[in-house]
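Student: Whatever this is, show me its structure:
(2 chains)
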Amino acid sequence: MHGLYNFVRGPLAWVAFILFFGGILYRLISMLLGARKKDGVVFDYFSLYYGLRSIFHWIIPFANRNSRQRPIFTIVTFAFHICLLAVPILLLAHIILWDESFNISWWNLPDSIADIMAIIVVACCGYFLWRRLTQPEVKFVTFASDYVILAIVAAPFITGFLAYHQWFGYKFMLILHMLSGEVMLAAIPFTRLGHMFYSPFTRAYMGSEFGSVRHAKDW
Amino acid sequence: MKKGTAALYIGMGVLISILTFMLMPAYSQEDIVSLADSALGDRERPAAVFAHEEHNEKAEIEECNVCHHVYKDGNKIEDESSEGQGCSDCHNIKEGYPTRPLMKAYHDLCKACHLENKKGPITCGECHPQN
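Tutor: Below you'll find the model as predicted:
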């Protein structure tokens, strides 16, 4: 147990972090170089003001027409993304590991709140799955990989929830939790999950084009 | 009451007091089954399970200062121990400097030794079981 725990927490965690940060850097640089080569207008028309204006309208729920047209999807997707980011970063058990490893710590969520937020993440994943399976317009753009990605995202929260409650096979579940978290980190730069870093760029470019070229709102 | 009877009662009283006093430290140690340090205040998880006597027997710890240590200028003083003091006398709850904050002191002390010896709990739930 000690050997496996140390391996998953030590070397494997480093591999995951290196793939995550290195992968993001690589993908962003290659995206910028690729755009420079094939799509020079992106740089010509890029506007910080219109870009930020667009991001601002899309980052606030119901501040754009699309989100008002789909209120349920808007609520689900905002709840999902907030919980998805807040739980892993603000969980006490995770902060204790940061503190032990790097001597840094910050404010934590009460465990009871984090517990509910983990359930929200998993429930939202269920909603996304249902949507991909049943809604024709979503089904049409769904590939097998999208289900795998959904599973990759849900897994750390399911295993983390079960490990926290220690319902069955605590130590095994904890190892699974760490492994699934590492898989997710490593997968982010190389899958559609990369929108975590791409979306501000695509949004900002849309905003730039709509704002300074078409003189129209893009929200 | 006869003089002899009174003397007997007083004598027994003194004897019981002495015995109680002698047994008290032993009892209190055996009584320790968790690290429910009140200085920690409200805790997120249940207090860490820790049977003092059983642990030391199993881990073959004989010196008190393996855990009840005394540090001076960052160095452990080998022949001094601090078992009469509360951990929180030195380890403050939040602002740890120059010592570790209380929770971190517990975590580091237990886990470092368990990892070094490849024995004993090292994950959250092994020490803090949910009821």
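Student: Now for residue B:88: which residues touch it?
Tutor: Applying Cβ atoms under 8 Å, 6 or more residues apart in numbering or on different chains, we find residue B:88 in contact with B:37, B:39-40, B:102. Heads up, the C-betas are built off the backbone N, CA and C, glycines and all.
Student: just checking, next helix/strand downstream of the helix or strand of chain A with the lowest mean pLDDT?
Tutor: The element with the least model confidence among the helices and strands of chain A, by mean pLDDT, DSSP states H and E, is helix A:41-45, at a mean of 83. Next in sequence after helix A:41-45, counting helices and strands by DSSP states H and E, comes helix A:48-59.
Student: buried set for the very next helix or strand once past that following helix?
Tutor: Scanning forward in sequence from helix A:48-59, with DSSP H and E defining helices and strands, the next element found is helix A:65-69. Within helix A:65-69, the residues scored as buried using 16 or more other Cβ atoms under 10 Å in any protein chain shown are residue A:67.
Student: Run through the neighbouring helices and strands of helix A:65-69.
Tutor: The helices and strands touching helix A:65-69, judged by 3 or more Cβ pairs under 8 Å, 6 or more residues apart in numbering or on different chains; DSSP states H and E, are helix A:71-90.
Student: where's the helix or strand that comes right after the helix it packs on relative to the chain centroid, distance-wise?
Tutor: For helix A:71-90, the succeeding helix or strand toward the C-terminus, using DSSP H and E, is helix A:92-102. If you compare the mean C-alpha spot of helix A:92-102 with that of the full chain, they lie 21 Å apart, counting by Cα atoms, centre = their mean, to the nearest Å.
Student: Can you confirm whether helix A:92-102 lies near chain B?
Tutor: Yes: using Cβ under 8 Å from any Cβ of the partner chain, helix A:92-102 reaches chain B at A:92-93, A:96, A:99-100.
Student: Quick one, which of these are buried?
Tutor: Among the residues of helix A:92-102 next to chain B, those buried by neighbour count (16+ other Cβ under 10 Å) are A:92-93, A:96, A:99.
Student: Can you add pLDDT and give the residues you listed back as TSV?
Tutor: What follows is these, written out as TSV (pLDDT from 0 to 100):
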residue	pLDDT
A:92	95
A:93	95
A:96	94
A:99	92
